[in-house]
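Enquirer: how does the following fold in three dimensions:
(2 chains)
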Amino acid sequence: MIQTIAFYLFAAMVIASGAFTILARNPVHSVLWLILAFFNAAGLMVIAGAEFIAMLLIIVYVGAIAVLFLFVVMMLDIDFAELRAGFMKNFPLGILIALVLLAELVLGVGAYRAGALHLGTPDGSAAPLLGRSNIESIGALLYGRYLFLFESAGIILLVAMIGAIVLTHRGARAVRGQQNISKQIARKPSEATVNTRPEVGQGVEL
Amino acid sequence: MTAFFESLGMTYGWAWFVATVAGILLIALPLMLAVAMIIYVDRKIWAAMALRKGPNVVGPFGLLQSFADGLKVFLQETIVPSAANKGLFLIAPIITFTVALMAWAVIPFNSGAVLADINVGLLYILAISSLGVYGVVISGWASNSKYPFFSAMRAAAQMISYEVSIGFVLICVVLWAGSFNLNAIIEAQRGHGLGIVNGFFFNLLLFPMWVVFLISSLAETARAPFDLTEAESELVAGYQTEYSSMSFALFWLGEYANVLLMCALNAILFFGGWLPPLDWAPLYIIPGWLWLFAKIFFFFFVFSWVKATVPRFRYDQLMRLGWKVFLPLSLIFVVLISGYLMATGHFA
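Expert: Reported below is the predicted structural model:
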């Protein structure tokens, strides 16, 4: 009973906030609706018994990616007239993408109805995990059966990260006024200050 | 508690529901009281270190000062700037406050005395603490004013930076304890040091991680010396600049509830939570929650002490510490600790 209510609540919220993400005029509002959608998706994961995935969804998407996203979108100088002007120009492309997504949806539902996939148990609930928590089962899969795939995914991400750093690195010499912290800490008052008694009108040699 | 309500003649479902609501109230209401008192304590410690008297007028020793402040802001008018984004402007403090309360659901006050004993407890805390930044970012943007906006951008960058190293520190603790459940982590610390000291801090490999965690938790809660989000010398009051009355007070309460949470995490992850400091039978006479509260209070004193004595960091220093010092250090310790545990057959 309460699971059913919670499921329909979360599912309705995901769809509604997904719709508002594209309907909102203001990009910042769009991002906030998107975050609400992530949240409710995490709620659905908890109902499905995948609490580890739910927490990861919040930590990774809401806690890190969406913050960076919001960070960038907040700094945009939004011109609403210009946003609307591009609508007709991009309309054919938008229709094309929508058609591709529709075809995927039809194919996916068709494949599922044809019995090609066996997700969980026939009544729709998730397959029971025998005496193991989420984290242990996922760990055993990732570091056992899919070890090489998992590690190659890690290497691809590492290469992408190094690539991003190399592309945006400007070199240390270009930056002026760099601070050498160990040099500053090693400085003593006797080296830093000099006590002189210059003659009147003579000035100080430094 | 569910069993108690069932004994009153309720069905299991209703008993569970009533027990959960009662548990939430039992945590949230004393927490609000604790926040009010801890603000008073903070001001007293800060005053004592500056050789001042601090609040001493309202009530005996000024004990009721926070309540007087609360009544004052409650009676004031909530001002919404005309150029602000009204809805988000009012939602932001509510988000900060709610998120600060939510994380307390998984904090164990004694063996078994925890509202939600879930086996992803630590991940839940990491998830909730990563949400704290939204209140600040949304308030900064919705205020439609320069200083709150700068503050919001600083907060976003700062929290993400320090969350990374906090994540790695938590991984170290989880590796040693073998569980994400906070009660199991506390149990793993029983007699950890030489069979007598309860706490991971006594471990040579985990002690540096505790230092990193303590400093990162100062940064995560934006306390001094990392309070760049409300640096009054440059940003007026940061993201709170445009706020008044209760919306301002909600930020204030949420901030201190977060500080208490970070103190509790320090106590639970490294100092044995509700276990007494030494694994010695007579110390178990004192109930566990008192030990936990004593540890939380101790860490709060450390937080106040730092606030009163350490000057504020510059923004580039903050970023340098997070990315160039803490991140490599915690990564090295993840490798060291997992290597040590594999070599000694801890997982076998």
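
Enquirer: helices along chain B, start to end?
Expert: B:2-7, B:12-49, B:65-75, B:86-102, B:121-142, B:146-177, B:182-188, B:207-220, B:232-235, B:245-270, B:288-309, B:315-320, B:327-343 (DSSP state H).

Enquirer: any chance of those in CSV, plus mean pLDDT?
Expert: What follows is those, written out as CSV (pLDDT from 0 to 100):
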stretch, mean pLDDT
helix B:2-7, 72
helix B:12-49, 87
helix B:65-75, 87
helix B:86-102, 88
helix B:121-142, 86
helix B:146-177, 87
helix B:182-188, 86
helix B:207-220, 90
helix B:232-235, 78
helix B:245-270, 88
helix B:288-309, 90
helix B:315-320, 85
helix B:327-343, 91
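
Enquirer: what's the closest of these to residue A:52?
Expert: Residue A:52 lies closest to helix B:121-142 among the helices of chain B, at 7.2 Å (CB to CB). Every residue, glycine included, has its C-beta placed from N, CA and C.

Enquirer: now do the closest one: distance to the chain's middle.
Expert: 12 Å (CA atoms, centre = their mean, to the nearest Å).

Enquirer: next, see if it gets close to chain A.
Expert: Yes: Helix B:121-142 reaches chain A (CB under 8 Å from any CB of the partner chain) through B:123-124, B:126-127, B:130-131, B:133-134, B:137-138, B:141.

Enquirer: so where's chain A shaky on pLDDT?
Expert: A:77-86, A:115-132, A:171-178, A:206 (pLDDT under 70).

Enquirer: what is the longest helix anywhere in it packed up against?
Expert: Counting by DSSP H, the longest helix found in chain A is helix A:87-113. Packing partners of helix A:87-113 (3 or more CB pairs under 8 Å, 6 or more residues apart in numbering or on different chains; DSSP states H and E): none among the helices and strands.

Enquirer: quick one: secondary structure of residue A:198?
Expert: coil (DSSP: H, G, I helix; E, B strand; the rest coil).

Enquirer: look up how far chain B lies from the closest residue to it other than its chain neighbours.
Expert: Nearest residue to residue A:198, sequence neighbours excluded (CB to CB, 6 or more residues apart in numbering or on different chains): residue A:204, at 5.3 Å. Relative to chain B, residue A:204 is positioned 30 Å away (CB to the nearest CB, to the nearest Å).

Enquirer: name the element residue A:204 belongs to?
Expert: For residue A:204, there is no enclosing helix or strand under DSSP states H and E.

Enquirer: show me which residues of the stretch 101-250 of chain B are close to chain A?
Expert: With CB under 8 Å from any CB as the criterion, the stretch 101-250 of chain B comes near chain A at residues B:118-120, B:123-124, B:126-127, B:130-131, B:133-134, B:137-138, B:141, B:149, B:152-153, B:156-157, B:159-160, B:163, B:180.

Enquirer: now with 10 Å?
Expert: Taking CB under 10 Å from any CB of the partner chain as the measure of proximity, the stretch 101-250 of chain B contacts chain A at B:118-134, B:137-138, B:140-142, B:149, B:152-153, B:155-157, B:159-160, B:163-164, B:167, B:174, B:179-181.

Enquirer: ok, back up a step: using a markdown table, please lay out the residues of helix B:121-142 next to chain A together with neighbour count.
Expert: Output for the residues of helix B:121-142 next to chain A, formatted as a markdown table (neighbours: other CB atoms under 10 Å in any protein chain shown):
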| residue | neighbour count |
| --- | --- |
| B:123 | 23 |
| B:124 | 23 |
| B:126 | 21 |
| B:127 | 22 |
| B:130 | 24 |
| B:131 | 23 |
| B:133 | 27 |
| B:134 | 24 |
| B:137 | 27 |
| B:138 | 24 |
| B:141 | 25 |
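
Enquirer: any idea which of those residues is closest to residue B:72?
Expert: Distances from residue B:72 to the residues of helix B:121-142 next to chain A, taken by CB to CB, are shortest for residue B:138, at 25.7 Å.

Enquirer: can you name the residue of the stretch 151-300 of chain B nearest to chain A?
Expert: residue B:156 (4.9 Å; CB to the nearest CB).

Enquirer: so that residue makes contact with residue A:63?
Expert: No: judged on CB atoms under 10 Å, residue B:156 makes no contact with residue A:63 at a distance of 11.1 Å.

Enquirer: neighbour count: those two, which is higher?
Expert: Taking neighbours as other CB atoms under 10 Å in any protein chain shown, residue B:156 and residue A:63 compare with residue A:63 leading, 25 against 21.

Enquirer: and that one, its phi and psi?
Expert: Phi and psi for residue A:63, reported as degrees, to the nearest 10, are phi -80, psi -30.

Enquirer: for it, which non-adjacent residue is closest in space?
Expert: residue B:130 (2.8 Å).

Enquirer: contact partners for that neighbour?
Expert: Residue B:130 makes contact with A:58-60, A:62-64, A:66-67, B:99, B:159-160, B:163, B:166-167, B:220, according to CB atoms under 10 Å, 6 or more residues apart in numbering or on different chains.

Enquirer: closest to residue A:156 among those residues?
Expert: Of all the contacts of residue B:130, residue A:60 has the smallest distance to residue A:156: 16.9 Å, by CB to CB.

Enquirer: burial measure for that closest one, as a count.
Expert: Count around residue A:60 with other CB under 10 Å applied: 14.

Enquirer: contact partners for residue B:86?
Expert: B:80, B:142 are the contacts of residue B:86 under CB under 10 Å, 6+ apart.

Enquirer: how about 8 Å then?
Expert: Counting by CB atoms under 8 Å, 6 or more residues apart in numbering or on different chains, residue B:86 makes contact with residue B:80.

Enquirer: kindly report the same for residue B:252.
Expert: residue B:39.

Enquirer: ditto for residue B:306
Expert: B:218, B:223-225.

Enquirer: quick check: residues of chain A near chain B?
Expert: Residues of chain A lying near chain B (CB under 8 Å from any CB): A:2, A:28, A:32, A:35, A:51-52, A:55-56, A:58-59, A:62-64, A:67-68, A:70-71, A:74-75, A:133-135, A:179, A:181.
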